[in-house]
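K.L.:
task: produce atomic coordinates for the following.
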Amino acid sequence: MRLSNGQKLQSPPGIVARPTLALVREAVMNSLGPQLVDSRWLDLCSGSGAMACEALLHGASFVQLVEENRRIAAVARSNLLALGDEYRDKWQLAVAEVSWWLNRQRSNASAEPFSFIYADPPYKSNLYGVICNGLKQGQLLAPEASLLLECSRDEAPQCIAPWQQLHRRRYGRTLVLQWQLLTAESAASAVLIPGSNEKTHQGYGDQA
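P.N.:
Okay, here's the model as predicted:
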């Protein structure tokens with residue numbers, strides 16, 4: 001696999017990690033477009049760091065990765081370092097369990113919020129709820145921040161208030177859900193009808 005700049009992407013050995021398909025990476029970056037420029041990107045269960053690398057290549061000013069598996073985190077670090085000195089001060093990698101890291105940030109008064117949060121937890125890990133709860137209880141979300149969840153088509157997490165689903169995109173057996181946390185102000189000014197604000201897109205392609 002390669003990144004959008006042609007760089008060969010190292011992948012963790014075995015089947016512990018599930019690298020994001022090149023089709024999905026490209027589609028996500030294209031869908032966000034200019035919004036990525038100068039944004040802060042949080043990558044939870046970051047795996048090989050492929051999405052984090054693409055966020056930087058598409059203009060993100062800073063990327064925070066969180067990966068609990070040390071072997072996989074080492075691969076992510078190699079991929080990020082391979083981007084070169086231009087990006088060396090624009091990312092940090094935390095080798096930590098996601099719920100622990102999120103809880104720790106709740107007490108971090110100096111933590112800066114993120115515009116985009118990408119989460120690709122292992123399937124059947126039941127981490128989607130943990131991630132959503134951790135984000136809404138902390139101070140990590142910038143105004144109108146987007147949570148992007150990568151999941152299996154057969155195991156999509158249910159969007160429950162105060163989260164609102166903006167988009168649902170399918171690529172083969174992979175789904176990417178785009179959610180946003182409703183504030184009290186926005187909830188009061190909108191009448192939410194299930195499915196009324198959701199846009200569905202479908203894409204096809206092979207893994208690069």
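K.L.:
the residue nearest the centre of the chain: what's it in contact with?
P.N.:
The chain has Tyr118 as the residue nearest its centroid, 0.7 Å off, counting by C-alpha atoms, centre = their mean. Tyr118 sits next to 28, 41-44, 51-52, 55, 148, 150 when contact means C-beta atoms under 8 Å, 6 or more residues apart in numbering. For the C-beta atoms, the positions are set from N, CA and C on the backbone; glycine is no exception.
K.L.:
need the three-state assignment for the closest residue to it other than its chain neighbours.
P.N.:
Excluding its sequence neighbours, the residue lying closest to Tyr118 (C-beta to C-beta, 6 or more residues apart in numbering) is Leu148, at 4.7 Å. Secondary structure, DSSP: H, G, I helix; E, B strand; the rest coil: Leu148 is strand.
K.L.:
Asp154 contacts Gly172, correct?
P.N.:
No. In this structure Asp154 lies outside contact range of Gly172 using C-beta atoms under 8 Å: 11.8 Å.
K.L.:
the more surrounded of the two?
P.N.:
Remark: of Asp154 and Gly172, Gly172 carries more neighbours, 15 against 8, as counted by other C-beta atoms under 10 Å.
K.L.:
check the more buried one and give its pLDDT.
P.N.:
Gly172 is assigned a pLDDT of 88 by the prediction.
K.L.:
return the distance of it relative to Leu102.
P.N.:
Distance, Gly172 to Leu102, by C-beta to C-beta, to the nearest Å: 30 Å.
K.L.:
residues touching the host helix or strand of Ile72, excluding its own?
P.N.:
Taking DSSP states H and E as the criterion, Ile72 maps to helix 70-81. Helix 70-81 has contacts (C-beta under 8 Å, 6+ apart) with 3, 7, 9-13, 16-17, 46-50, 52-53, 56, 65, 67, 87-88, 91, 93, 95.
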